[in-house]
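how does the following fold in three dimensions:
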Amino acid sequence: MAKLFEPYTIRNLTLKNRIAMSPMCMYSSQNEDGKVEDWHRVHYGSRAVGQSGLIILEATAVQPQGRISPQDLGIWDDTHIEGLTELTRLIKQHGAAAGIQLAHAGRKATVDGDIQAPSAIAFSDEYKTPVAMSKEAIAETVNAFALAAKRAANAGFDLLELHGAHGYLINEFLSPLTNHRTDEYGGSAENRYRFLSEIIDAVRKTWEGPLFVRLSAEEYTEGGMTSDQYIEMAKWMKSQGVDLIDVSSGAVVPAKIDPFPGYQVPYSETIRTGAEIATGAVGLITSGLQAEEILRNNRADLILIGRELLRDAYWPYQAARELHTEIEAPTQYNRAWRF
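Modelled structure (predicted):
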């Protein structure tokens, strides 16, 4: 059997294959209340029917001012649990595991009122200048992540991912390009890591399942973080109970990126080898053959598929055909997927 379709166990969870749907914002909470709508039910449920082994929900805000947009899903209030529970039920009834990405947009939030960041530096002229977070605000946000993890458990999720990439709040603390603080949350790598460290510890008090962290392992700007620099932080994460690093790149500061197929895979390989931690590869992975090469050469442990799963909810069947592997289909679809 192709490695892409082998089961994969991480902590107390076994995935039926190594295909995960990458978290992608849907901007579909039309009432700006962060609640699940029909779009989410159809979107996530159909990808589970399509045989992805893991479905990771979009960046879901732990605080209302931490939304990327007013239409983002939320998990900052107990009223969100009901809708999220429905999504986990729809996902898991088709054999997929249900994950959720907990997020705070920081200086890239586009909501009314003040927005927050480690330092009062705007992302660009098109964004508001954030308020530099006080230590009290930092503590409140750490607690918000912990409460969100508890709600995720109550909603039936199998897996959590902390969004530490793409220039959002956790990433803003990690990067020297965006963190100019002079207190214990800025300066050295250890200090810049402190905010994420506190979040991991707080989340681990209420969450026993698999825990991922998404990182932007290359910032494409002089003085920014690189995958080699992230090896040290990945080791710290592993020691705190993080199970896998979801390796992405960019969007910390405006920077030119020239993407090509698999362009982020070397960053995954660097962190996997250097920190001896499981990684997920993402970024212009479009075929089963490409995914299989990544896994067989130990460049990553999971394959996260983004845009291809927007184009085709049933991409795993296409990958299986390329790899001459037969996979189980829902009974209703058997006549279409016999090999």
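
where do the strands sit along this structure?
Counting by DSSP state E, the chain has strands at residues 8-10, 13-15, 19-21, 54-61, 97-103, 116-117, 131-132, 159-164, 211-216, 244-248, 278-282, 302-305.

is residue 216 in contact with residue 246, as I believe?
No: Residue 216 lies out of contact with residue 246 (CB atoms under 8 Å); the separation is 10.4 Å. For every residue, glycine as well, the C-beta is placed using N, CA and C.

please identify every residue contacting each of those two.
Taking CB atoms under 8 Å, 6 or more residues apart in numbering as the criterion, residue 216 and residue 246 both touch residue 165.

with mean neighbour count, mean pLDDT and distance to residue 336 as added columns, please give the strands of the chain in CSV.
Shown next, in CSV, are the strands of the chain (neighbours: other CB atoms under 10 Å; pLDDT from 0 to 100; distance: least, CB to CB, whole Å):
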stretch, mean neighbour count, mean pLDDT, distance to residue 336
strand 8-10, 16, 98, 26
strand 13-15, 17, 98, 24
strand 19-21, 29, 98, 19
strand 54-61, 27, 98, 21
strand 97-103, 26, 98, 24
strand 116-117, 25, 98, 49
strand 131-132, 15, 98, 54
strand 159-164, 26, 98, 30
strand 211-216, 27, 98, 33
strand 244-248, 28, 98, 32
strand 278-282, 25, 98, 28
strand 302-305, 26, 98, 21
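
out of those strands, the one nearest residue 79 is which?
strand 54-61 (13.5 Å; CB to CB).

what about residue 214, distance to residue 21?
13 Å (CB to CB, to the nearest Å).

what about the helices in the protein?
38-49, 81-92, 135-154, 169-174, 189-204, 227-239, 265-275, 288-296, 307-311, 315-322, 334-337 (DSSP state H).

what about the fifth one, distance to the chain center?
Here helix 189-204 shows a centroid-to-chain-centroid distance of 17 Å under the convention CA atoms, centre = their mean, to the nearest Å.

and it, what does it pack onto?
helix 135-154, strand 159-164, helix 169-174, strand 211-216, helix 227-239 (3 or more CB pairs under 8 Å, 6 or more residues apart in numbering; DSSP states H and E).

which one of these lies closest to residue 121?
The nearest among the helices and strands packed on helix 189-204, by CB to CB, is helix 169-174 at 8.8 Å.

what packs against that closest one?
Helices and strands touching helix 169-174, by 3+ CB pairs under 8 Å, 6+ apart, are strand 116-117, strand 159-164, helix 189-204, strand 211-216.

give me the sheet partners of the shortest one and which way each runs.
So that's strand 116-117. Its sheet considered, strand 116-117 pairs with strand 131-132 (parallel) by DSSP bridges.

what about residue 232, neighbour count?
Counted with other CB atoms under 10 Å, the neighbours of residue 232 add up to 14.

quick one, what contacts it?
If you count contacts by CB under 8 Å, 6+ apart, residue 232 has them with 189, 275.

recalculate using a threshold of 7 Å.
By CB atoms under 7 Å, 6 or more residues apart in numbering, the residues touching residue 232 are residue 189.

returning to that earlier point: how about the strands of the chain in CSV, adding distance to residue 232?
Putting the strands of the chain into CSV (distance: least, CB to CB, whole Å) gives the following:
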stretch, distance to residue 232
strand 8-10, 22
strand 13-15, 27
strand 19-21, 26
strand 54-61, 26
strand 97-103, 23
strand 116-117, 23
strand 131-132, 26
strand 159-164, 14
strand 211-216, 12
strand 244-248, 12
strand 278-282, 15
strand 302-305, 22
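
low-confidence ranges, the chain, go.
Within the chain, the stretches with pLDDT under 70 are 337-339.

can we see that at 90?
Residue ranges of the chain with pLDDT under 90: 1, 326-339.
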